[in-house]
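Peer 1: The following comprises the amino acid sequence and a computationally predicted model.
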Amino acid sequence: MSLATRDLPAPREGVMRRLSDPLVRHGRLLTLLLLVPPLLWLGLVYLGSLFVFLAQSVFSIDEFSGTIVREPTTATLLELFRPANYDIVLRTIGISSAVTMLCAVIAFPIAYYAARYAGPKVKAAFYLAVMMPLWSSYLVKVYGWKLLLAKEGAIGWFAGKLGLGGALEAWLALPLVGGPSLSVSYTGMVLTFTYLWLPFMILPVQAALERVPPHLIEAAGDLGASPGLVFRTVILPLAMPGVVAGAIFTFSLTLGDYIVPQIIGTSALVLGQAVYTLQGTAGNIPLAAAFSLVPILVMALFLTVAKRTGAFDAL
């Protein structure tokens, strides 16, 4: 009997086959089953624990016993408007804004060169150079910068060799940005944050600049526009979504960080330090939760404005 006419037994259907058939026929069911585990993790473990913590902000703490009084009140939230607490909020927003602006100023020319002039090999080296700092330990980088910024560190030594020691001392003598040394000042804190978050600004800006049509730049030049006018009226507006997208990262990461201010910076607290101290050493969880609401509200406002600029398209 030939192979074509031979009766072959029907394949046996296993449990997995019977389960997979309805999933293949109903694509939405398969998608739902794939999404359920991560959504449960995000909804219950992450968002659930965050909500439970933030809900503590409507409670207060008994100043005599130090225990939490679980009765809804607005007293804890109103404590944020005390001068000392209000200064913490303003100080953190100011540092985050300074870091974001400095990152944008440094990142834009680097990203512009990579997007417009770099060849394939140079662009590969560019991506490697930008990403390489992210591969090293966060704490190693912070402590490395603490050594660089110390009074006897490399930056102070170079400033002395270049004859800029007096200028550095004059800068450190300023009331707001100065301090005993760069490693104990807002200037050192901003420089360290800028180094840490600069890659998060460079990459979105570079992606936005690559999407700027070259013929628009050429047309503006053909119509007699100077290079500066071309930059202000053509390149910068079209690249602004990338700048805002990078600002989302740099601003939010600085807003919530508490490690850099503890290692490099003054004794004045920022938001991250306030939350860390209040929920740890002080044991004032309601006020810590109230402080935690501030960066969430600030970033919600920031993202609302960023969305109008088309920044999400550059992510």
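Peer 2: In hand now; what should we look at? Numbering: from 1, shown residues only.

Peer 1: and residue 302, how many neighbours does it have?
Peer 2: For residue 302, the tally of surrounding residues (other CB atoms under 10 Å) stands at 20. The way it works is simple: take the backbone N, C-alpha and C, and place the C-beta from them, glycine included.

Peer 1: ranges for the helices of the stretch 201-315 of the chain?
Peer 2: All helices of the stretch 201-315 of the chain, identified by DSSP state H, counting those that start in this stretch, fall at 214-222, 227-230, 236-256, 259-263, 271-279, 285-308.

Peer 1: okay if I get these as JSON lines plus mean pLDDT and distance to residue 54?
Peer 2: Output for these, formatted as JSON lines (pLDDT from 0 to 100; distance: least, CB to CB, whole Å):
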{"stretch": "helix 214-222", "mean pLDDT": "85", "distance to residue 54": "46"}
{"stretch": "helix 227-230", "mean pLDDT": "86", "distance to residue 54": "48"}
{"stretch": "helix 236-256", "mean pLDDT": "91", "distance to residue 54": "14"}
{"stretch": "helix 259-263", "mean pLDDT": "92", "distance to residue 54": "22"}
{"stretch": "helix 271-279", "mean pLDDT": "87", "distance to residue 54": "11"}
{"stretch": "helix 285-308", "mean pLDDT": "88", "distance to residue 54": "5"}
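
Peer 1: now for the ones you listed, which one comes closest to residue 155?
Peer 2: Ranking the helices of the stretch 201-315 of the chain by proximity to residue 155 (CB to CB) places helix 259-263 first, at 16.1 Å.

Peer 1: ends of stretch 221-233, how far apart?
Peer 2: Stretch 221-233 has an end-to-end distance of 12 Å (criterion: CA to CA, to the nearest Å).

Peer 1: show me what contacts the closest residue to residue 150 other than its chain neighbours?
Peer 2: Excluding the flanking residues, the one nearest residue 150 by CB to CB, 6 or more residues apart in numbering is residue 183, at 4.8 Å. For residue 183, the contact set (CB atoms under 8 Å, 6 or more residues apart in numbering) comprises 146, 149, 150, 151, 153, 264.

Peer 1: Which phi and psi values does the fifth one adopt?
Peer 2: In other words, residue 153. Here is the backbone geometry of residue 153 (degrees, to the nearest 10): phi -80, psi -180.

Peer 1: Please name the residues that touch it.
Peer 2: Neighbours of residue 153 in contact, by CB under 8 Å, 6+ apart: 147, 182, 183.

Peer 1: next structured bit after the helix or strand containing the first one?
Peer 2: Going back to what we said before, that points to residue 147. Assigned by DSSP states H and E, residue 147 belongs to helix 138-149. Downstream of helix 138-149, the next assigned helix or strand under DSSP H and E is helix 154-161.

Peer 1: Mind giving me the packing neighbours of the helix or strand just after that following helix?
Peer 2: The helix or strand immediately downstream of helix 154-161 is helix 165-172, counting by DSSP H and E. The helices and strands touching helix 165-172, judged by 3 or more CB pairs under 8 Å, 6 or more residues apart in numbering; DSSP states H and E, are helix 154-161.

Peer 1: Excluding chain neighbours, what is closest to residue 165?
Peer 2: Nearest residue to residue 165, sequence neighbours excluded (CB to CB, 6+ apart): residue 159, at 5.3 Å.

Peer 1: Could you chop this structure up by domain?
Peer 2: 17-69, 79-314 (automatic domain parsing).

Peer 1: Highest mean neighbour count out of those?
Peer 2: domain 79-314 (a mean of 17; mean count of other CB atoms under 10 Å).

Peer 1: where do the helices sit along the stretch 1-150 of the chain?
Peer 2: Taking DSSP H, counting those that start in this stretch as the test, the helices found in the stretch 1-150 of the chain are 15-25, 27-40, 47-54, 75-78, 83-116, 120-131, 138-149.

Peer 1: contact partners of the shortest one?
Peer 2: Looking back up the chat, that one is helix 75-78. 57, 58, 59, 60, 61, 286, 287, 289, 290, 293.

Peer 1: cool, stretch 204-224 as well?
Peer 2: Under the criterion CB under 8 Å, 6+ apart, residues 104, 107-108, 110-112, 114-116, 227, 229-230, 233-235, 238-243, 245-246, 249, 314-315 lie in contact with stretch 204-224.
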